[in-house]
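In: Using only what follows, build the 3D model:
(chains A and B)
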Amino acid sequence: MLFDKYPVQIAGFWLYFCLWFVAMAVHADDFAIVQASTHLSGHLYKLDTEIHYQLSDEAVDALHHGISLTLVLSAKVFKKRWLWDENIADIKQRYLLSYQPLTKQYQVKFLNTGFIEFFDSLSLLLVELGIIEGLPLLDEKWVNDKKPYYVELDAQLDIEALPTALRPLAYLSSHWRLSSRVFVCRLAK
Amino acid sequence: MSFGKINRSLLNSLLALLLFAVLFTVLLLSSGALHSASRFSNLFSLFLLFSLTGLFVLLLFIGRRLFVALRQMQQKVAGARLTGRLLFMFVSIAVIPSVLVFGFALSFLFRHLDHWFDISVDSAFEKVLELSRTSLSTQSRQAVQFTEQKMAQLASVNDDMLAVKLNELRQESGALELFITESNGRIIAFSNSNRDSFLPDKRMMALNLKHSPSTAYVALESVADGALNIRVVRRYLMLSGIKVNQTRFFHALFRVDEEVARLSRDVEQAYSTFRQLFFLQQPLKINFVLILSFVLSLGILGAVALALIFAQFLVEPVRLLVKGTQALAAGDYSQKVLASELDEFSLLVDSFNLMTAKIKKNHDDAVFNRQVLEQQRAYLEVVLGQLSSGVLSLDCDISLRTFNTAAEEILDLDLPNHVGRNFLRACVEHSALQPLGALLERHLLSNDSDWQEQLVLFTSHGRVILLCRGSHLPDIIPENEHHVPMQLGFVIVFDDITALVKAQRNAAWGEVAQRLAHEIKNPLTPIRLSAERLRHKYLATFAKSDAQTLDRMTTTIIVQVEAMRDMLNAFADYARPPKFTLTLINFNPLIAEVVDLYQSDKVKIITQLANNLPPLNADSGRLRQVLHNLIKNAIEASCEQQRINILLTTSFCQESTRQFIECRIRDKGCGVAQEDLEEVFEPYITHKIKGTGLGLAIVKKIIEEHGGIIWLENNPDVGACVVMRFPQ
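Out: Below you'll find the model as predicted:
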């Protein structure tokens, strides 16, 4: 039997397939984090960043067809260590984008706060969404001055938030795997 | 198959069935998850991944079993073809309807469903939405009119009073917000119904910067709480005399009527839902196809798995039976086949087990009997081994079957090498056993049931006299249906009676000789004395002629009496117990020494003596006597010839099992009649006028005392030849 003879090879092939599937799911370069920096404001470290969101035609088409899109901005603060770095803060900002056909406006809902904003154009919305100033990251007391810290940023379209029927296709199509490369910046005062 | 293997197989099957059930459930949940309302919709991707993995595992399991089944079919393992047929049947039953249903489902999904929904719902929704917009545009126009009116009222108001005036106008009109800005965005005046807000919304500021229309800018705006607003922006016209640095804009924000807004929102919601469904139609189909494919694969794989499991349960008893039969054929009678009581094969299996048990019992009995027989045979062998008599058993085609040690020693033959071979051929191959072969051939081929005969062999041990007895073993009539008698063959028993015969003969002849010598010798002395007395008394007194007669007669009497005395002395010599002094002697010099005594002008003895004669363990005096007797006999046999030629040869003979020294004395006399050849060595057998008949008897006696053999044979041309053989 083939599996009896090559169990490791077959298991390896299956693992490779799964990894390829996952890699295909996350690999894309449609969003770009242009710049990011941190500053200490009071006792809070805050993040300033500029992100360039560019939706694919398929995503825009889906938006115009009433599909809500969820964008996720992930910020992780790491403390450098010898072997692996310690994750001391993990912040996710989630934005729900939708289209209002009656008013022909674009709505963005900040899922973390529930705040809603409307825009007449998608580009304006994306520009506004891409400019973040003073996003609280972590309290100053969690940061030890003697250790180096850094922040990893990435933005992506949340496929799991798409309608159920769309998810398998979204996982397999590069038009739907919208994400940025990981941007790393130093945690500075 | 062992219990462990069955249990493992059953466990594998149960695991496969469990996986099948789990996959089926997961696919059901996946199908349900496609509805947005399902609580499992968040797990849809995981379900699909799990289904894919599960199908792969199931495929591996079934693939492995299929591979094994295929290999068993190639190897023609028992039950493999039945498995193949079951597989074909199950898969056919499963695949045909499944594929049909799958095909119809796809056709329905891609053709008929589209056809059913291929109506102008989309445009209808568009029109309804447009209707809503139109309805809202009426309110917008009113808002514009109002704005223009109020703006006219403000045209003559100074900047200092603008805020107060705006507030009055807003309260009067019910507007949410009224304010005036410059083109650079600077707010000149502001009035808001919301007391918490002191600034207009920044979207409006952005609009203000972009739009500087000569006509009014009207926009419908969504509000976070679901309400609708109408925003109007109009260039603010100043009265002449009032100087301003930049162009000014008048902003007004009105709340749409709640009922209109709600209805419009409902229409928008319905439109959005429809558009969403329309958009998701294709992905939904693909998902349904995916799930249907999974279900189809699961169905087919399940059918194959079930076929394999059923085939295993059906074929297993057959395999067990075949295995049991093979074990039985291989001699393993302890094999027992286990079957479930619910199994239809249990009756067959029980019968098989019963048969196996009976065969095992018979086999055990046979083994026991064989062991008993072996013990008896071993006992018999020991008994036979202890016997001094040689025992041979031959089968009906005269092949040697068994023998004992005594037989091997007496015949001086390596009998183990001849077991199973024709014994007569073995006798022919070994010249010393040829008389035995001739004897056996005569009696066995003539089917003598019981016979007894004496036989003389000359083996490496010398001359051996055997008393052979033979019997035809009784035939066995087997208890089978044919009742054909089975011939067991023959048994030959022989005893080495050489010593016995020799002793008897010696004793007999000794006694005869002693008596004869005693009886005859007694009157000889008186006869001789009487003759001498007659001669002494009357020889002088008789007339000359009578005296001569008396002299001749008494002389004859005295000579004959002396001759008789010599004969009696010879008898005495024959009867005298041998006094051997055995030493290692060289035979050739002894011969030469004796021969020299007889060499003369008339007698010519030619010797051809072998150089390789080994020393002979013998009594030299006795051997000299033998040679004297034989040479004298040869000369006497040739006495009629003017010149006597005698050839004396010696040789060392080596045969397969024996070695001996052979001496031949060949004369050119008249030879011996064929019928007398056997008797010449018997006492009182003589063909000479003056012979006592004891010379050759004494020679034979001496030769036999040396373990040798002697016989007389006629030469091919003329004369006779005495042959002596001494064992080495």
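
In: Please make it C-alpha for all contacts and neighbour counts, starting now.
Out: OK.

In: In contact with residue B:297: list those residues for me.
Out: If a contact means C-alpha atoms under 8 Å, 6 or more residues apart in numbering or on different chains, then residue B:297 has residue B:55 as its contacts.

In: Surely residue B:524 touches residue B:563?
Out: No. Assessed by C-alpha atoms under 8 Å, residue B:524 is found out of contact with residue B:563, at 10.3 Å.

In: Between those two, which has more neighbouring residues?
Out: Using other C-alpha atoms under 10 Å in any protein chain shown as the criterion, residue B:524 and residue B:563 rank with residue B:524 on top: 18 against 12.

In: Find the nearest non-adjacent residue to the more buried one, please.
Out: Spatially, and ignoring its direct neighbours in sequence, residue B:524 is nearest to residue B:561 (6.1 Å; C-alpha to C-alpha, 6 or more residues apart in numbering or on different chains).

In: on contacts alone, who are the packing partners of the helix or strand hosting that neighbour?
Out: Element membership for residue B:561, per DSSP states H and E: helix B:544-575. Counting contacts by 3 or more C-alpha pairs under 8 Å, 6 or more residues apart in numbering or on different chains; DSSP states H and E, helix B:544-575 is packed against helix B:498-538.

In: Also compute the angle for the helix it packs on relative to helix B:544-575, please.
Out: 160 degrees (axes from the mean of the first three to the mean of the last three C-alpha atoms, to 10 degrees).

In: What's the mean pLDDT across helix B:498-538?
Out: Averaged across helix B:498-538, the pLDDT comes to 79.

In: roughly how far is it from the heart of the chain?
Out: 85 Å (C-alpha atoms, centre = their mean, to the nearest Å).

In: now for that helix, which elements pack on it?
Out: Short answer (3+ C-alpha pairs under 8 Å, 6+ apart): helix B:498-538 packs on strand B:462-472, helix B:544-575.

In: What residues of the longest one count as buried?
Out: Burial within helix B:544-575, assessed by neighbour count using 16 or more other C-alpha atoms under 10 Å in any protein chain shown, is assigned to B:547, B:550-551, B:554-555, B:557-558, B:561, B:564-565, B:567-572, B:574-575.

In: repeat for stretch B:69-81
Out: So stretch B:69-81, judged by 16+ other C-alpha under 10 Å, has buried residues B:69-70, B:72-73, B:78-81.

In: about what we covered before: reformat the helices and strands packed on helix B:498-538 as TSV; add distance to residue A:73 and mean pLDDT.
Out: Listed next are the helices and strands packed on helix B:498-538 as TSV, based on distance: least, C-alpha to C-alpha, whole Å; pLDDT from 0 to 100:
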stretch	distance to residue A:73	mean pLDDT
strand B:462-472	115	84
helix B:544-575	143	82
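
In: now these as a markdown table including distance to residue B:502?
Out: Output for the helices and strands packed on helix B:498-538, formatted as a markdown table (distance: least, C-alpha to C-alpha, whole Å):
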| stretch | distance to residue B:502 |
| --- | --- |
| strand B:462-472 | 9 |
| helix B:544-575 | 13 |
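
In: rewinding a little: just checking, which of the buried residues of stretch B:69-81 belong to helices?
Out: Counting by DSSP state H, the buried residues of stretch B:69-81 place B:69-70, B:72-73, B:80-81 in helices.

In: quick revisit: which residues does the residue nearest to residue B:524 contact?
Out: Taking C-alpha under 8 Å, 6+ apart as the test, what residue B:561 contacts is B:524, B:527-528.

In: What of residue B:389?
Out: When contacts are counted by C-alpha under 8 Å, 6+ apart, residue B:389 touches B:406-407, B:493-496.

In: Swap in 10 Å and give it another go.
Out: The contact partners of residue B:389, taken as C-alpha atoms under 10 Å, 6 or more residues apart in numbering or on different chains, are B:404-407, B:410, B:466-468, B:492-497.

In: What confidence value was assigned to it?
Out: At residue B:389, pLDDT is 85.

In: Find the nearest non-adjacent residue to it, please.
Out: residue B:495 (4.7 Å).

In: Could you give the number of residues near the one you found?
Out: A count of nearby residues for residue B:495, using other C-alpha under 10 Å, gives 21.

In: for it, helix, strand, or coil?
Out: Judged by DSSP: H, G, I helix; E, B strand; the rest coil, the three-state class of residue B:495 is strand.

In: Give me the distance from the helix holding residue B:561 to the chain's centre.
Out: Its chain's C-alpha centre and that of helix B:544-575 lie 95 Å apart, by C-alpha atoms, centre = their mean.

In: can you list the weak-confidence ranges in chain A?
Out: For chain A, the stretches with pLDDT under 70 are A:1-29, A:189.

In: now the helices for it?
Out: A:2-5, A:7-26, A:57-64, A:122-130, A:167-172.

In: tell me the angle the helix or strand hosting residue B:391 makes with strand B:462-472.
Out: Counting by DSSP H and E, the element that carries residue B:391 is strand B:390-394. On the basis of the same axes, to 10 degrees, strand B:390-394 is oriented at 50 degrees to strand B:462-472.

In: Residues in contact with the helix or strand following strand B:390-394: which ones?
Out: Where DSSP H and E defines the elements, the next helix or strand beyond strand B:390-394 is strand B:400-403. The set of residues external to strand B:400-403 that reach it, using C-alpha under 10 Å, 6+ apart, is B:381, B:384-385, B:390-395, B:415-424, B:426, B:489-493.

In: mind listing what's buried in the helix or strand just after strand B:400-403?
Out: Sequence order places helix B:405-411 as the next helix or strand after strand B:400-403, per DSSP H and E. Using 16+ other C-alpha under 10 Å as the test for burial, helix B:405-411 gives B:405-408, B:410-411.

In: Longest helix in chain B, please.
Out: Longest helix in chain B, counting by DSSP H: helix B:258-329.

In: Tell me how far that one lies from the chain's centre.
Out: That offset, for helix B:258-329, works out to 49 Å (C-alpha atoms, centre = their mean).

In: That one to helix A:57-64, inter-axis angle?
Out: On the basis of the same axes, to 10 degrees, helix B:258-329 is oriented at 130 degrees to helix A:57-64.

In: after helix B:258-329, next one along is what?
Out: helix B:346-386.

In: name the helices or strands packed onto that following helix?
Out: Using 3 or more C-alpha pairs under 10 Å, 6 or more residues apart in numbering or on different chains; DSSP states H and E, the elements in contact with helix B:346-386 are helix B:258-329, strand B:390-394, strand B:400-403, helix B:405-411.
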